[in-house]
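Colleague: Here is the input, now give the coordinates:
(one chain, ligands or ions: 1)
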Amino acid sequence: MRFRLRYGLRTVTFLRSTFITRHPPFDFSSPLRPHNGDSSDSRGKSKANGTGERSSSNSTRSPSGSTRMSAASSFAALKAQRDARRNPFSLAAPSTASSTEDVQHGEHTFVGGDMSPPAPFSAAELPSGAVPIPSSRPPPAASTATGTSIGMDEVGAFESPTMPGMGEAKGKPPPGAAGSRVRLPDIQDLELRFDTYSSERALFYAPLPKNGPRPSDFSTAASSSASRSLSGSLSYSYSQLLSSSYSAPGGWAAAGISSCRPGDVLLRVRPEVAVLSTALLEKRCSACYSPPGPETSTTPGTTSSAGRLQRCSGCKVTRYCSAACQKRDWPAHRDECKALKAMQQLHTFRSALHQQQKLDQRLASRHAKTQSASTPFGVGSFQDNDQVVAAATATGQYQEAESDGEDEDGMNEDDKKTPTGSNDRMRLPSAMMRALARWIWARSRIGTGGKDKARGDGRDLLELCSHRERFAPEQLQQQAQLAIHLAQYLTAAARAAATFGPVSRGEANLDDMMQPDTAFSQGDALRALGIDSATELLDLVCQFSCNSFALTDSDLNALGVCLHASMAMINHACTPNAAVVFPFGGAAKSGQQRWNDGDDKIMQLVALRAIEPGEELLISYVDISDTYQDRRSYLKKRYCFDCRCELCRTSQANLGQSGAQPFASSTPSSSSQQGFGMHPPQAAKWIDPRRAIWCPHRCGGWIDGAALESQANVTAGAARCNKCQSMSNVTASDVATDTQHAKDTLRQASRLLDQGGAEAAWTQCARVLPLLVDRYPPSWQPLFHLLRLATMCLIEAGSTLLSLSSSQTSNTEAAIYCFDEAVRIQMLVVAGTQASNTPIYSKGSPARAIAIATLAKLVLAQFDHPHRLDQQGLQFSTHSGAPVCRAAVEQAAAQGSNTLSILRDAANVPEEMRVELARQLLTQSIEELDVGFGRSNQGGRAGLEMRTALQEMEEEMALLAQTRSMSVS
Ligand SMILES: C[S@@+](CC[C@H](N)C(=O)[O-])C[C@H]1O[C@@H](n2cnc3c(N)ncnc32)[C@H](O)[C@@H]1O
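Modeller: Numbering: from 1, shown residues only. Below you'll find the model as predicted:
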């Protein structure tokens, strides 16, 4: 039948390309924060000026002695301003501290003054402020500024409580606690910023230091532009702000200016810097992030690593889908290209060195114990002209340690041969490192008066919080490790040029390299980029880590990392009223318009519920399907704060921890209008869906898993079913074992999937799922994560099977099995997002909207083979033992209130009703995508896809009905 064929094939094709949200448990780019230029845009320029003018008003001496605006001066001036703003008790007024002298000599003052130095640095190197890196020699003349022509290699396929809502808290929350209502200070005590891109819908504000300087002291340009921008709406918006909540515990915050409906877009910006994750560098275009399109695939049926992405002939690392894309990326890639290339040369050199060392050692041991143990030269001498690296090397911090993640040391392993041909593995810089380096290079170009196309329209990273002084020692040590690698990466090109001659010659003069004296100082190279001290470098790393966003595609798949300073001023809540999304993917329009077909202003702040004027805008930095403990430790570790939102306080109270605030029952606010937002939980009865256990009597009720942890709670009957009061038959130790089991499986299956073993990954999941779905609702955190991964495995496996050979019935049948199973698993995922009247994700949350859209696609894909879903209560397949029973879906659907109505009959829906189910799913996903990705965007790329699918489906159905009536007559 035409309908079935079309849908089956078309859907499967787009299933393969993107579409499932995957949240690795510790995805760096997923602060997730949570978790997006065309320089010719005049508005972009004016916004850039907002920062640029402020910094450029402070001119200083360049390293060479000439008076010009240097990158160093702008760093220093901005840092001084920032520190003064952040520290109301600062003794150093920014107007005086803005002199470069002061900053360089450690005049920063910090609240608390607890400045424990990072482990690799000695206390002497890091006193209470910036430590200048001793200059040993002047920077090489124009070594980093020379242009290089753009070239491209053609490469072949493989070369290349309820939530406790936002209601008013009873009692007095601690001053400054997020969610607390504190009257805003008078307007003269605030620094206000109005974002020109916000369509007058978002305002950024920060308290000024008491008795401190006024905005005008910082920069006339900045303050006048602020008041200019504000003049139209100031009286209205500010009076609203005054009467509303102010939860920022210091620092910047954002507030809505006018009333917003769910789905309103509050801010639309282009990220100042955005890069593809290192793991995707070979698989995606570095400018538009497109995978190689099917039309360019060289081998039919192969997965997306095939295709004709063209490799940059300079660095041989980044790839592009077209010359247009490469050209667009060039301003940002230019310095990076040199650095990557130089790193490869250095890597080759180091490999040679290493071989030489090994040989020497062997010779030494063979020939004489009398022989000196010292080798002719050491790796240390190669690095030792940098204070940071030397210190780290001395303390063993710098090592070529294997790392399975970008986060640990900021370096990724490329397990292919290096482009230079050596067999050992080349470690590419992580996405974060490349992003930060791009930002620093762009910054230094602006500082030296260069025209900068690479940098977008945002404010300044230096104004954002760093928390260097607040990190736990082990965290700071990790950041220091990143700083060390960043320093090496930043200076690779300059150093290579100094030692090898022009990088483009590609000839390493090993003799020169062996002489430490001739090696180019890392300190010099960093100073040329405007970084004067190890502390400054470390600050930048900390700032980036605290303020960057995960770059995702329109289906929330992680693509990389990005930064925009305005967006970074938005604070966190585990029950956010807004979200930062990339409705059309993470990149501006591609040369071919294949992948990103939307607006260039690609990073958007969207209201998830109704927002009153002056209400603080809050996004989530974490995956809110995580438990309280996981969210808490992640926020503490990465962002240095304890979240005091109502959800966290309620969860804490449930755990019976000391210091918990009593739960504040809030009245349903405007947030729950139109069904969006959260309903307030009944404190006494609230069970966190993330920790719930099914009632052993299958009444559909839940038992609070958190209550099991305390014997007192168990004795007091807190661990009983909330419906029938049955006792739990699961103990706390059962839960701990199941949690561990699920987490281990998640890790193993994730690894298998990454290595291309989707079927093996699914088999791993299939082993544990039967027990887990029987014992826990799908919202139980470890199960929820596993279910999301299981759907991905099944889609990947099914798509691969289908692409192998459609003539082999066994392949097709296996593929059908995969999609059938994926439908059931995804039903559980959707149920998990919505379970209880206090769902993990509120209606319209991007993650929930995408989960429904995914299910809709899967149901559409089933139309080819409707007979596959039998009507048995349990669906076991001979193929790897399908573990997920229909009963689990039914149980999950029955448990919920009307939020799950869409799924209530899904598991037993007769075949003829399946089209109706698909229609319902498409309709609901469109409604929710419109909220999560912006109504004016029509739900972004995913929303447009769903609309097209719905329209086509209705056309097909009409055609089918017509054909039927004709054949009857
Ligand atoms: C991306 S910044 C947000 C803007 C920040 N207020 C500023 O001034 O730069 C993240 C930092 O803001 C603070 N923050 C964000 N949300 C918070 C909350 N709910 N409670 C306490 N601090 C919060 C933390 O210090 C966190 O590291």
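Colleague: From now on I want contacts and neighbour counts done on CA atoms only, so please keep to that.
Modeller: OK.
Colleague: and Ile703, what helix or strand is that in?
Modeller: strand 702-704 (DSSP states H and E).
Colleague: Report how many residues lie close to Arg268.
Modeller: Around Arg268 there are 24 other residues, counting by other C-alpha atoms under 10 Å.
Colleague: could I have the helix or strand hosting it exported to PDB, CA atoms only?
Modeller: Here Arg268, judged by DSSP H and E, is contained in strand 265-269. The C-alpha atoms that make up strand 265-269 are tabulated as PDB, following Å, rounded to 0.1, in the frame of the first residue of the first chain:
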ATOM      1  CA  VAL A 265      10.800  33.400  22.500                       C
ATOM      2  CA  LEU A 266      12.500  35.800  24.900                       C
ATOM      3  CA  LEU A 267      15.900  36.000  23.400                       C
ATOM      4  CA  ARG A 268      17.400  35.000  20.100                       C
ATOM      5  CA  VAL A 269      21.200  35.200  19.700                       C
END
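Colleague: Quick check: can you name the pairing partners of that strand and their directions?
Modeller: Sheet pairing for strand 265-269, assigned by DSSP bridges, gives strand 603-607 (antiparallel).
Colleague: So for the partner strand, mean pLDDT?
Modeller: The predicted model assigns strand 603-607 a mean pLDDT of 93.
Colleague: After that strand, heading C-terminal, what element do we hit next?
Modeller: Following strand 603-607 toward the C-terminus (DSSP H and E): strand 618-619.
Colleague: Downstream of that following strand, the next helix or strand is which one?
Modeller: helix 628-639.
Colleague: on contacts alone, who are the packing partners of that next one?
Modeller: Packing partners of helix 628-639 (3 or more C-alpha pairs under 8 Å, 6 or more residues apart in numbering; DSSP states H and E): helix 534-547, helix 646-654.
Colleague: tilt between it and helix 534-547?
Modeller: Counting by axes from the mean of the first three to the mean of the last three C-alpha atoms, to 10 degrees, helix 628-639 lies at 150 degrees to helix 534-547.
Colleague: near the ligand, anything from helix 628-639?
Modeller: Yes. Residues of helix 628-639 contacting the ligand under C-alpha under 6 Å from any ligand atom: Tyr639.
Colleague: quick one: average confidence on the strand or helix carrying Phe819?
Modeller: Per DSSP H and E, Phe819 falls inside helix 809-834. For helix 809-834, mean pLDDT is 84.
Colleague: Next, the buried residues of that helix.
Modeller: By neighbour count with 16 or more other C-alpha atoms under 10 Å, helix 809-834 contains the buried residues 811-834.
Colleague: one step back: determine which of the helices and strands packed on helix 628-639 shows the lowest mean per-residue pLDDT.
Modeller: Among the helices and strands packed on helix 628-639, helix 646-654 carries the lowest mean pLDDT (a mean of 86).
Colleague: So which elements touch the next helix or strand after it?
Modeller: Per DSSP H and E, the first helix or strand lying C-terminal to helix 646-654 is strand 692-694. Contact analysis of strand 692-694 by 3+ C-alpha pairs under 8 Å, 6+ apart lists strand 702-704, helix 758-775 as its packing neighbours.
Colleague: give me that answer again for 10 Å
Modeller: Secondary-structure packing of strand 692-694 (3 or more C-alpha pairs under 10 Å, 6 or more residues apart in numbering; DSSP states H and E): strand 702-704, helix 758-775, helix 886-895.
Colleague: Sheet partners, orientation included, of the shortest one?
Modeller: Going back to what we said before, that points to strand 702-704. strand 692-694 (antiparallel).
Colleague: residues touching Leu605, list them.
Modeller: 36, 198, 202, 263-269, 567, 570, 578-582, 617, 619, 932-934 (C-alpha atoms under 10 Å, 6 or more residues apart in numbering).
Colleague: where does the stretch 151-300 of the chain have low pLDDT?
Modeller: For the stretch 151-300 of the chain, applying pLDDT under 70 flags the ranges 151-200, 206-250, 293-300.
Colleague: can we see that at 80?
Modeller: 151-253, 255-258, 293-300 (pLDDT under 80).
Colleague: Could you show which parts of the stretch 501-650 of the chain are in contact with the ligand?
Modeller: So the stretch 501-650 of the chain meets the ligand at Cys546, Asn547, Ala568, Met569, Ile570, Asn571, His572, Ala573, Tyr639, Cys640, Phe641, Cys643 (C-alpha under 6 Å from any ligand atom).
Colleague: how does it look with 8 Å?
Modeller: The stretch 501-650 of the chain has residues 546-548, 567-573, 618, 635, 638-645 near the ligand, with proximity defined as C-alpha under 8 Å from any ligand atom.
Colleague: Narrow the residues you listed to those that are buried.
Modeller: 546-548, 567-573, 618, 635, 638-640, 642-645.
Colleague: What is the helix holding Phe819 packed up against?
Modeller: helix 758-775, helix 781-804, helix 846-861, helix 886-895, helix 901-904.
Colleague: Please identify the deepest-packed of these.
Modeller: Counting by mean count of other C-alpha atoms under 10 Å, helix 846-861 has the highest mean neighbour count of the helices and strands packed on helix 809-834, with a mean of 27.
Colleague: pLDDT on that one, on average?
Modeller: Helix 846-861 shows a mean pLDDT of 92.
Colleague: Can you work out which other helices and strands pack against it?
Modeller: If contacts are counted by 3+ C-alpha pairs under 10 Å, 6+ apart, helix 846-861 sits against helix 2-17, strand 578-581, helix 781-804, helix 809-834, helix 911-932, helix 940-968.
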